[in-house]
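# Predicted coordinates and the sequence they were generated for:
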Number of protein chains: 2
Amino acid sequence: MPAAESPSPKSRRTAATRPELRLRMRVTVGEAIAVGPGKVALLEAVDEHRSISAAAKALGMSYRRAWLLIDELNRSLKSPAVTTAAGGANGGGTALTEVGHRLIQLYRGIEAQAEQACRAEIGELLALVAR
Amino acid sequence: MPAAESPSPKSRRTAATRPELRLRMRVTVGEAIAVGPGKVALLEAVDEHRSISAAAKALGMSYRRAWLLIDELNRSLKSPAVTTAAGGANGGGTALTEVGHRLIQLYRGIEAQAEQACRAEIGELLALVAR
């Protein structure tokens, strides 16, 4: 597909009412959700903004909630996804670790690969649904 | 994997605390959810029990809720997934249509095929998570 341009109101409406498959992946440990779509989107925003508060703002989330989600994620991984360095030459800062980058890459890769692998069956499933 | 036997308390605990990937698929039309895990499980129960009330009971759901979900599903498809015949030699009855059977087959097939296609990446993602 071509790079997205701002769609016309008509094409936006058409896209919104066409049947779509939504895949949602979660990694659970017992009843706890270690990794899910919200945490992955937050990681991506932290990577973009290099700040938890800017990431929270971009996602319309409170700083407190963003901080808690990242803390929860870090604790549920064998090694943390986000590090926060206080002070230093750049005045500290927040960044993704290698694990954080790899987590995003795997999560988004699985989503894309799953849809690719099931393209024909997904098309058939969507075709059963009325617009 | 071998057919599930009733697990011992120990193996059940181990299974519950091992990181697991949960895939949840929904077919949406605009904001409406046409097909999702709840409706597919209900279809499977209707197919097994040949009755909406028995299916509802098996899933711990009210008859009213089950009926509404099936009505919503039928309306959102081009042709219905469940038919209910009143009277007749067998005293009427509820059954899945060809579309209903195909819908289950596609939905469960996509889940299985997606996990199969991404087995290596899923393993790597799960390995990032602490037990």
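That came in fine, so what should we check first? Residues are numbered from 1 along each chain as shown, chains lettered A, B, ... in the order given.
# Could you use CA atoms for every contact and neighbour count after this?
Will do.
# Need the contact partners of stretch A:40-53.
A:54-56, A:58-59, A:63, A:66-67, A:70, A:82, A:93-96, A:100, A:104, A:107 (CA atoms under 8 Å, 6 or more residues apart in numbering or on different chains).
# Now restrict those residues to buried residues only.
When the contacts of stretch A:40-53 are checked for burial by 16 or more other CA atoms under 10 Å in any protein chain shown, the buried set is A:Ala54, A:Ala55, A:Ala56, A:Ala66, A:Ile70, A:Val82, A:Thr94, A:Ala95, A:Leu96, A:Gly100, A:Ile104, A:Tyr107.
# Does the spatially most central residue of chain A belong to a helix, a strand or coil?
Geometric centre of chain A, nearest residue: A:Ala41, 2.8 Å, by CA atoms, centre = their mean. Here A:Ala41 is recorded as helix under DSSP: H, G, I helix; E, B strand; the rest coil.
# Show the pLDDT at it.
A:Ala41 is assigned 98 on the pLDDT scale.
# before we move on, the earlier item: restrict the contacts of stretch A:40-53 to contacts with chain B.
A:Tyr107 (CA under 8 Å from any CA of the partner chain).
# Just the ones of the contacts of stretch A:40-53 in helices?
A:Ala54, A:Ala55, A:Ala56, A:Ala58, A:Tyr63, A:Ala66, A:Trp67, A:Ile70, A:Gly100, A:Ile104, A:Tyr107 (DSSP state H).
# Quick check: the second one vs chain B, distance?
Right, the one you point to is A:Ala55. Distance, A:Ala55 to chain B, using CA to the nearest CA, to the nearest Å: 23 Å.
# same question, the first one
Computed with CA to the nearest CA, the distance linking A:Ala54 and chain B is 26 Å.
# which ones are touching that residue?
Residues near A:Ala54 by CA under 8 Å, 6+ apart: A:Val46.
# quick revisit: tell me how far the residue nearest to the centre of chain A lies from chain B.
16 Å.
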